[in-house]
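Asker: quick one: sequence and predicted model below, then my questions.
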Amino acid sequence: MSTTVAAFQSRIARLLVRPKLGLEVHAEPPDFHHTLVSHPASPGVAADAYYFNLRVRNTGNSRAEQVEIFVADVLAQQPDGTFRRVASFLPKNLLWSWTLTPFLEALSPGMYTFCTLGHVFDPARRSEFPGEALASADEARLTGRTVFSVAVQFPSSKPSHILPPGTYRLVLWIAAGNARKVEKRLELTLSGDWTTDEARMLAEGIRIRVV
């Protein structure tokens, strides 16, 4: 077999046998769920919160390696219905659920795993938890209202990853060391209302969908 033929066959094999990454939103438990979060400095003190996880699935026929999800952009809906880029948001990787790392070592064919998109804290308690409060002026303006904290790697000391009530479009890039980048767009609508009734919160307080 000539070197040229071998190289051609190798290239064809790489095209036919490859991972294929996708993203799914299931707006119900266990993907979206109510939980209690313990204070890092006071384990006996807990606050109500909701966590929102995305399913990242490999529908290809080979293992995806070093998988990551990058929040490339966030756009906020304007009064006229158009969407404008949130200039203060710093593009960063999301973290994989439970491991809290930006890279997933591998994802086998036919399997899925969870990546955390973000969370919503009880607005009466969020200021007690490091990294959950807005700037003072915004916190005063939004007393009693929910905000959405995007679960990015290395949140900024300026809370640009925290989104106040509104409707947003999040541009996500899903990639792996051996897979092509896939772009997905999510629409997130946060009413600002809070309740510990999980069914009501997931139906009325926040909605997330693929667009």
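Answerer: On my side now, so go ahead.
Asker: how about the helices in this structure?
Answerer: For the chain, the helices defined by DSSP state H occupy 3-16, 136-141, 198-200.
Asker: what's the average pLDDT for the shortest one?
Answerer: It stands for helix 198-200. Helix 198-200 carries an average pLDDT of 97.
Asker: for the residue nearest to the spatial centre of the chain, give me the pLDDT.
Answerer: Centroid-nearest residue in the chain: residue 117, 1.9 Å away (criterion: Cα atoms, centre = their mean). We have a pLDDT of 98 for residue 117.
Asker: for the closest residue to it other than its chain neighbours, what are its contacts?
Answerer: Nearest residue to residue 117, sequence neighbours excluded (Cβ to Cβ, 6 or more residues apart in numbering): residue 52, at 4.7 Å. For every residue, glycine as well, the C-beta is placed using N, CA and C. Listed by Cβ atoms under 8 Å, 6 or more residues apart in numbering, the contact set of residue 52 reads 31-32, 116-120, 206, 208.
Asker: which one of these is nearest residue 182?
Answerer: Of all the contacts of residue 52, residue 182 sits closest to residue 117, with 15.9 Å by Cβ to Cβ.
Asker: the nearest residue to residue 23 once chain neighbours are set aside and residue 57, how far apart?
Answerer: Among residues not flanking residue 23 along the chain, residue 184 sits closest, at 4.7 Å (Cβ to Cβ, 6+ apart). Relative to residue 57, residue 184 is positioned 12 Å away (Cβ to Cβ, to the nearest Å).
Asker: which residues are in contact with each of these two?
Answerer: With Cβ under 8 Å, 6+ apart, residue 184 and residue 57 have common neighbours 22-23.
Asker: and for residue 104, the neighbour number?
Answerer: Counted with other Cβ atoms under 10 Å, residues neighbouring residue 104 total 18.
Asker: please name the bridge partners of it.
Answerer: Note on residue 104: beta-bridge partners residue 67, judged by DSSP bridges.
Asker: what sits against the residue nearest to residue 23?
Answerer: Contact partners of residue 184, counting by Cβ under 8 Å, 6+ apart, are 22-23, 171-172, 174, 210.
Asker: ditto for residue 107
Answerer: 19, 21, 56, 58, 63-64, 67, 113, 176.
Asker: need the pLDDT of the nearest residue to residue 168 once chain neighbours are set aside.
Answerer: If the residues on either side of it in the chain are set aside, residue 168 comes closest to residue 188, at 4.7 Å by Cβ to Cβ, 6+ apart. The model reports residue 188 with a pLDDT of 98.
Asker: in stretch 60-73, what's buried?
Answerer: Neighbour counts using 16 or more other Cβ atoms under 10 Å place 60, 62-64, 67-71, 73 of stretch 60-73 among the buried residues.
Asker: now the residues you listed in a markdown table, please, with extra columns for pLDDT and distance to residue 193.
Answerer: Formatted as a markdown table, those follow (pLDDT from 0 to 100; distance: Cβ to Cβ, whole Å):
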| residue | pLDDT | distance to residue 193 |
| --- | --- | --- |
| 60 | 96 | 41 |
| 62 | 96 | 45 |
| 63 | 97 | 43 |
| 64 | 97 | 38 |
| 67 | 98 | 35 |
| 68 | 98 | 33 |
| 69 | 98 | 28 |
| 70 | 98 | 30 |
| 71 | 98 | 25 |
| 73 | 97 | 27 |
